[in-house]
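Below are the sequence and a predicted model; questions follow.
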Amino acid sequence: MLETAPADFAWSTAGDIVAAVAARRTSASRIVEAALARIRARDPLFNAFTAVTEERALARAHAIDDARARGEALPPLAGVPFAVKNLFDIAGLPTLAGSKINRDRAPAPRDAALIERLEAAGAILLGALNMGEYAYDFTGENVHDGPSRNPHDLGRMTGGSSGGSAAAVAGGLVPLALASDTNGSIRVPSSLCGLFGLKPTYGRLTRARSFPFVADLDHVGPLARSVRDLALAYDAMQGPDRDDPGCADYTPEPVGPLIDRGAQGLRIAVAGGYFKCRSAEAVQAVDRVAVALGAGRDIEIPQAERARSAAYVITASEGASLHLDRLRTRAADFDPAVRDRLIAGAMLPASLVAKAQKFRRWYRSEVLKLFRQVDAIIAPATPCTAPLLGQQTFMLGDVEMPLRANLGLYTQPISFIGLPVVAVPVPLSPLPIGVQIIAAPWREDVALRIAYALEAQGVVAAPRPAI
Amino acid sequence: MTRTPKKANRTKPPARRRAAKSGVKSTGISAGKSTGKADAIESLIAASAAALALPIDPSWRANVRLHLQLTLAHAARVDEFPLPDEIEAAPVFHA
């Protein structure tokens, strides 16, 4: 069959691209060429990419097209362009992790494990994406590379720290991006840019050959414009990896065949207490999702505010420990907003940090008890829609709060104990906002099933920006 | 072995926790409002910077102090929570 489909596929899902390539309605090369053209045209607006791997991408696309011409079976993500937060190693490039300092690093000798796994599944890497320095950020602003810009309003934040990942997917440059989430860096930008984001269970996806932040809190996962795309990418990336000491030894559990089973029969509750947001948009978003799922019951996540504090303390201390030498020798080369927090973190008494880790054990035990009563918990992802670039504070009810430290108010108590979450976008006007679907450890399938059911009902969707 | 504290929320709070409820922070360094506590923060910054060989430009000091106060306030919120002696820390470690 001749290639007859439109060459762009800018707003197509990964699943649609795979189907079009397999059916010869287009080729991997045309998909990649079109994506590269979009990046050239639109990325100056979004500031999502810090490096574009054009030659490599075209070579891989040709290899896929050649395999197709030889009649070989195509892998599950054949021809799907993707890009990665610039803390993932890309062979031949220094791994920036959003910093100026890391520009002096030697080029990475090998790709990050998740890039290798996605490319083994036929996906095609297009480049590296902007992020908050060393991932210590919820805004998506970067003093060295400039802020990533929200495609729904270029004067607003993407959220961070995976700001470029969110801008690239929400802006139609790529259908899929990889990101990391220590305290909310997948879920916050998903919320502010109107995307689906999966933060899997701690230990599920390998972080091998990615630049760390807080090793015992760091997660990695995908952002996409559909739940099916999250599942496609997630299934391609699962599996143990001895190169990541935190990655669990487990048998992959593909979710692709499970996500369309509906949410019927699942026990779903709304997080109460600490998570009862006072912002109108967050309340509206959670209510819409709760009504659609028939989740009439509230459940209290015990000591959630204290859990957030403990995550804050551990992050400050371990982040500082990671960067101690750089703080001694190159302090002036940090983003000042990051540097001063790290210096403060280095001064925390160890006894208080150890207490936070002990509290973590108690909290985990208490929260796991809740999953005897429910299969999933709904909570807001962010306390507000996308703030303006440069904004320093926001109003939560009638309380003015510092923005940078508090955008992760509702995400931190969840990642603190490694629970899997799908952030789903509620397309409010004028700006979207996300809701967290939280499941028990190792039950990504439950969160994705619920997200898929909501998407099928039209309650959640990644809105297309008016670019 | 991990054990849940016995009715952590229902037991009589320790003196330190009662103090926190009354609005007085449990650790002197975390409150930072009175002159003495402000001095404690300054002392901690000076001593830590010296002990860790961390250079702090004078123009950064106010922000460092702000972040240290905020982080210590979070730490105090954790510290005031009663935990059983037997509870173990949570980080993942694989031998």
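Looks like it arrived, so ask away. Because the structure is predicted, anything quoted here is derived from the model rather than measured.

And the pLDDT for residue 2?
This is for chain A. On the pLDDT scale, A:Leu2 is placed at 42.

wrong chain, I was asking about chain B
37.

One more: B:Lys21?
So, for B:Lys21, pLDDT stands at 35.

Then A:Ala208?
Confidence score, pLDDT, at A:Ala208: 98.

What of B:Lys6?
pLDDT at B:Lys6 comes out at 40.

ditto for A:Arg278
For A:Arg278, the model assigns a pLDDT of 81.

dump the residue contacts of it.
A:Pro383, A:Leu396, A:Gly397, A:Asp398, A:Val399 (Cβ atoms under 8 Å, 6 or more residues apart in numbering or on different chains). (Glycine included, C-beta is placed from N, CA and C.)

which ones are touching the nearest residue in space to A:Asp145 that is not next to it in sequence?
In space, and not counting its chain neighbours, A:Asp145 is closest to A:Asn130: 5.3 Å by Cβ to Cβ, 6 or more residues apart in numbering or on different chains. By Cβ under 8 Å, 6+ apart, the contact list for A:Asn130 reads A:47-50, A:86, A:98, A:140, A:142, A:145-146, A:148, A:163-164, A:167.

Quick check on the residues you listed: which are buried?
By neighbour count, with 16 or more other Cβ atoms under 10 Å in any protein chain shown, the contacts of A:Asn130 hold A:47-50, A:86, A:98, A:140, A:142, A:145, A:148, A:163-164, A:167 as buried.

Now, these that are in strands?
Among the buried ones among the contacts of A:Asn130, the members falling in strands (DSSP state E) are A:Phe49, A:Thr50.

can you put the buried ones among the contacts of A:Asn130 in CSV and add pLDDT?
Below are those laid out as CSV (pLDDT from 0 to 100):
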residue, pLDDT
A:Asn47, 98
A:Ala48, 99
A:Phe49, 99
A:Thr50, 98
A:Asn86, 98
A:Gly98, 98
A:Gly140, 98
A:Asn142, 98
A:Asp145, 98
A:Ser148, 98
A:Gly163, 98
A:Gly164, 98
A:Ala167, 98
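
one step back: tell me, which of the contacts of A:Arg278 make contact with chain B?
When contact is defined as Cβ under 8 Å from any Cβ of the partner chain, those do not meet chain B at all.

Between which two of those residues is the distance greatest?
Distances among those were taken as Cβ to Cβ; the most separated pair is A:Pro383 and A:Asp398, at 13.2 Å.

Got phi/psi on the residue nearest the centre of chain A?
Nearest residue to the geometric centre of chain A (Cα atoms, centre = their mean): A:Ile186, 2.6 Å. Phi and psi for A:Ile186, reported as degrees, to the nearest 10, are phi -90, psi -40.

can you list the residues of the stretch 151-300 of chain A near chain B?
Close to chain B, as judged by Cβ under 8 Å from any Cβ, the stretch 151-300 of chain A has residues A:Tyr202, A:Gly203, A:Asp216, A:Pro245, A:Gly246.

Extract the residue ranges of chain B that are flagged as low pLDDT.
Low-confidence segments of chain B, defined by pLDDT under 70: B:1-35, B:92-95.

repeat that with 80
Scanning chain B for pLDDT under 80 picks out B:1-38, B:91-95.

circling back: in strands only, show me the contacts of A:Arg278.
A:Leu396, A:Val399.

Any chance of a markdown table for the contacts of A:Arg278, columns neighbour count and pLDDT?
Formatted as a markdown table, those follow (neighbours: other Cβ atoms under 10 Å in any protein chain shown; pLDDT from 0 to 100):
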| residue | neighbour count | pLDDT |
| --- | --- | --- |
| A:Pro383 | 23 | 96 |
| A:Leu396 | 16 | 87 |
| A:Gly397 | 11 | 83 |
| A:Asp398 | 6 | 84 |
| A:Val399 | 9 | 87 |
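
quick one: which of the contacts of A:Arg278 is nearest to A:Asp287?
The nearest member of the contacts of A:Arg278 to A:Asp287, counting by Cβ to Cβ, is A:Pro383 at 15.2 Å.

Run through the residues that contact the closest one.
Contacts of A:Pro383 by Cβ under 8 Å, 6+ apart are A:Cys277, A:Arg278, A:Ser279, A:Ala282, A:Phe394, A:Leu396, A:Met401, A:Asn406, A:Leu407, A:Leu409, A:Tyr410.

which of those residues count as buried?
The buried subset of the contacts of A:Pro383 - by 16+ other Cβ under 10 Å - is A:Cys277, A:Ser279, A:Ala282, A:Phe394, A:Leu396, A:Asn406, A:Leu407, A:Leu409, A:Tyr410.

okay if I get those residues as JSON lines plus secondary structure?
As requested, the buried ones among the contacts of A:Pro383 are exported to JSON lines (DSSP: H, G, I helix; E, B strand; the rest coil):
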{"residue": "A:Cys277", "secondary structure": "coil"}
{"residue": "A:Ser279", "secondary structure": "coil"}
{"residue": "A:Ala282", "secondary structure": "helix"}
{"residue": "A:Phe394", "secondary structure": "strand"}
{"residue": "A:Leu396", "secondary structure": "strand"}
{"residue": "A:Asn406", "secondary structure": "helix"}
{"residue": "A:Leu407", "secondary structure": "coil"}
{"residue": "A:Leu409", "secondary structure": "coil"}
{"residue": "A:Tyr410", "secondary structure": "coil"}
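
Out of those, the closest to A:Cys193 would be?
Nearest to A:Cys193 among these, counting by Cβ to Cβ, is A:Leu407 at 12.9 Å.

element containing the closest residue to A:Ala320 other than its chain neighbours?
Counting by Cβ to Cβ, 6+ apart, A:Ala320 lies nearest to A:Gly345, which is 3.4 Å off, once chain neighbours are set aside. If you go by DSSP states H and E, A:Gly345 is part of helix A:336-346.

Go through that helix and flag the buried ones.
Under the neighbour-count criterion of 16+ other Cβ under 10 Å, helix A:336-346 has A:Ala337, A:Val338, A:Arg339, A:Asp340, A:Arg341, A:Leu342, A:Ile343, A:Ala344, A:Gly345, A:Ala346 buried.

Lovely, talk soon.
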